[in-house]
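[1] Sequence and predicted structure below; questions after.
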Amino acid sequence: MKITTLVPDTEGALAWPPFGQNKRSIVAVGNFDGVHRGHQAVLKRTVDLAKSYGCRSVVILFDPRPEIVRQYAKDHDGAQLPKDETYTDAEALTGIDRRLKLIEEMGIDYAIVIRYTLEFGAKSYQYFLGQLVGKIGLRNLVIGKDARMGAGRAGNVDSIDSIAQATRMFEVDVVDDRGPGEVRVPLTDSDETAEALDKVNDPDSGLTKAERRALSKKTPNRLVRAWSSSYVRYLLSRGRVDEAAEILGRPHVVEGVVVGGKQRGRTLGFPTANVAGDVQGYMPADGVYAGWLVDVDPETGEERRYPSAISIGTKVTFGEPEARVLEAYAIAPLGEDGKPEWLDLYGHHTRVEFVKFLRPQVHFDGADELVAELRRNVEQTRDICK
Ligand SMILES: Cc1cc2nc3c(=O)[nH]c(=O)nc-3n(C[C@H](O)[C@H](O)[C@H](O)COP(=O)(O)O)c2cc1C
Ligand SMILES: Nc1ncnc2c1ncn2[C@@H]1O[C@H](COP(=O)(O)OP(=O)(O)OP(=O)(O)O)[C@@H](O)[C@H]1O
């Protein structure tokens, strides 16, 4: 997949890459955060149409996510999000590199990453569509039913389609909503609101229609598609990584570089890889999880996968809470001496895949109790990750 990054000028205009005139483009536009199964349906349709019309498949995606840029402006007197890399999007399910990798795996030919700015966001959808037609030969625009584009999010399925009909320059291909309908997610982060709305969302909770309505009314929430990045984010914030994986079509991933810890882990008999450098991907709720650690060789890019007992927390057993950290005890194969192989992971880029929530973080009465529990967690992990 060819990737081009476009930085809008101070007026919000883009210098599009030269696309040959010999082929037209089937284009999907969006954030594609998480590249979940709804997004996958849009991407697959894009690839399929490109194949049947002999066109190129193109995905246009935005980085940073437009809502982050707009929120920053709201919080900072209308200022532009700083260009430096110090600003991280902690709410993003997937960093831009992983998003691109997943999009490539779907068979897309070209990705155009637009560095979203306020000026670019102020351009109308008519302007943007004109650019797609004129600069990259738009033939079909593939969108979901709720897609929005351009200033004030004014471009929707109907308004975009009426331009397509009037100009006859391109066609709109609408992908039906995928997934099991809609769910309510809380606007505030508390166990109480989450429990109330889980009941509202659960068709088997035994609530009558009126009770459901009343509970939903008194719990601030918003309605989202079940297969949406917002709902995946909510599930992860509650530690429900298995349900998130159902929607993503694969386990959720947090990536980063392994850095040194206090080296207490190895004295406990459970050395852990602290994934704390350049972390990308939404951090699930504090807790202990079964999953995988994937060690990516820095030179060859080769991958080794280990079942892992994963912890996210502040190590509350050891006095004052420490910085919140993601660490993984990787179950290494046994060496010739019958002991687990020593894995030298420092400085490596690793991927942590979350399969199942095992338990919350606990304040243990000392290291022995923690170690006994860790043994149990490792056995659970062996059972789950085979
Ligand atoms: C699977 C797993 C579960 C853990 N659960 C807890 C816990 O419930 N409470 C706690 O205080 N620390 C927990 N920890 C964190 C340990 O305290 C930590 O790994 C140990 O102190 C080593 O820290 P270090 O990397 O700074 O040397 C857990 C770690 C792992 C790998
Ligand atoms: N469950 C779904 N079914 C069908 N199409 C979807 C689904 N979820 C997203 N899409 C479509 O995928 C494209 C890219 O979506 P985008 O990432 O911009 O935002 P989105 O619709 O807000 O997605 P999400 O709700 O997951 O945040 C859009 O055309 C969108 O309508």
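    Looks like it arrived, so ask away. Ligands and ions are numbered 1, 2, ... in the order given.
[2] For the stretch 251-386 of the chain, which segments are assigned as strands?
    252-259, 273-280, 287-296, 303-313, 325-330, 349-359 (DSSP state E, counting those that start in this stretch).
[3] Which positions in the stretch 201-350 of the chain make contact with ligand 2?
    Contact residues (Cβ under 6 Å from any ligand atom) of the stretch 201-350 of the chain with ligand 2: Arg225, Trp227, Ser228, Ser229, Ser230. Heads up, the C-betas are built off the backbone N, CA and C, glycines and all.
[4] Geometric centre of this protein: which residue is closest?
    When Cα atoms, centre = their mean is applied to the chain, the residue found nearest the centroid is Leu93 (2.2 Å).
[5] Surely that residue is in contact with Val232?
    Yes: in this structure Leu93 lies within contact range of Val232 using Cβ atoms under 8 Å: 5.9 Å.
[6] Could you name every residue contacting both of these two?
    Gly34, His252 (Cβ atoms under 8 Å, 6 or more residues apart in numbering).
[7] thinking again about what came up before, look up how far ligand 1 lies from the residue nearest to the centre of the chain.
    According to Cβ to the nearest ligand atom, to the nearest Å, Leu93 stands 23 Å off from ligand 1.
[8] where does the closest residue in space to that residue that isn't next to it in sequence land on pLDDT?
    Using Cβ to Cβ, 6 or more residues apart in numbering and skipping the chain neighbours, the partner closest in space to Leu93 is Gly34 (3.8 Å). We have a pLDDT of 97 for Gly34.
[9] Check Asp297 too.
    Asp297 is given a pLDDT of 83.
[10] does it really touch Glu303, like I thought?
    Yes: at 7.5 Å, Asp297 and Glu303 qualify as touching, with contact defined as Cβ under 8 Å.
[11] how many other residues sit next to the residue of the stretch 101-250 of the chain at minimum distance from ligand 2?
    With Cβ to the nearest ligand atom, the shortest gap between the stretch 101-250 of the chain and ligand 2 falls at Gly144, namely 2.0 Å. Counted with other Cβ atoms under 10 Å, the neighbours of Gly144 add up to 22.
[12] can you check Val200 too?
    So Val200, with other Cβ under 10 Å, has 19 neighbours.
[13] SS state for the residue nearest to the centre of the chain?
    With DSSP: H, G, I helix; E, B strand; the rest coil as the basis, Leu93 sits in coil.
[14] mind checking how far it is from Arg65?
    The spacing between Leu93 and Arg65, counted by Cβ to Cβ, to the nearest Å, is 10 Å.
[15] what is in contact with those two at once?
    Common neighbours of Leu93 and Arg65 (Cβ under 8 Å, 6+ apart) are Asp33.
[16] Could you list which residues are in contact with Val174?
    Per Cβ under 8 Å, 6+ apart, neighbours of Val174: Ile143, Gly144, Lys145, Val157.
[17] Now with 7 Å, please.
    By Cβ atoms under 7 Å, 6 or more residues apart in numbering, the contact list for Val174 reads Ile143, Lys145, Val157.
[18] Please apply the same query to Arg115.
    Thr5, Leu6, Val7, Pro8, Asp63 are the contacts of Arg115 under Cβ under 7 Å, 6+ apart.
[19] Of these, grab the buried ones for ChimeraX.
    Buried subset of the contacts of Arg115, written as a ChimeraX selection, criterion 16 or more other Cβ atoms under 10 Å:
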select :8,63
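[20] Among the contacts of Arg115, which lie within helices?
    The members of the contacts of Arg115 all map outside helices under DSSP state H.
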